[in-house]
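**Q** just a sequence and a predicted model for now, questions to come.
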Amino acid sequence: MNETLHTILTRRSIRKYTGQAVTEEQAQLLLRSAMNAPSAGNEQPWEFIVITDREKLKRVPEFHPYSKMLPGAALAILVVADPAKVLYGGEMRELWIQDCSAATQNILLTAHALGLGAVWLAVYPDPPRVLGVREVFGIPEEMVPFSIISIGHPAEQKQAQDRYDEGRIHREAW
């Protein structure tokens, strides 16, 4: 199996970290990978906030019930959408959701490939999470906080799971 397939098939959500720092080089690779995600019309409607401030990371669980691991992360990357950049698709103005999902997935896969652990924390479309993230990180009203990726050196190992399910496959029609 090649490296790419191995990374995809063995990636798991990691919520426990050693406390060891993530290097600036690793952070740059995570961001470079995010920005190389596909986007509709190549509009790239994303911005990123790299967060290492422990006090800010501690505030997120106050409004995001699934983010208890954040204070122990070496860093987090907040994916923020700029819907004004989306012109492609006519009436399908919310293509930024797919674009930011692809960027988030690229961060997760790159973290795993680098030997780091990571987990995707949904922010959008939950109003209390969106508002909380907006307040803590000073995000302007016209921008949409989409996801937070908690990242660190893994303090837990999880076995790969084969999630392939033939029963969910339809050929030619439903």
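**A** Structure received. This structure is a prediction, so every number in the text was calculated from the model and none was measured. Numbering: from 1, shown residues only.
**Q** quick one: residues contacting residue 98.
**A** Neighbouring residues of residue 98 by Cβ atoms under 8 Å, 6 or more residues apart in numbering: residue 40. For every residue, glycine as well, the C-beta is placed using N, CA and C.
**Q** now the residue most central in space within the chain: closest residue in space that isn't a chain neighbour?
**A** Closest residue to the average C-alpha location of the chain: residue 104 at 3.4 Å, with Cα atoms, centre = their mean. Of all residues not flanking residue 104 in the chain, residue 147 sits nearest, at 4.8 Å (Cβ to Cβ, 6 or more residues apart in numbering).
**Q** what's the spacing between the one you found and residue 18?
**A** 23 Å (Cβ to Cβ, to the nearest Å).
**Q** picking that back up, and the next element down the chain from the helix or strand encompassing the residue nearest to the centre of the chain?
**A** Residue 104 is located in helix 96-113, with elements delineated by DSSP states H and E. The helix or strand immediately downstream of helix 96-113 is strand 117-122, counting by DSSP H and E.
**Q** contacts for that following strand?
**A** 13-17, 64, 66-67, 69-70, 104-105, 107-108, 111-112, 129, 147-156.
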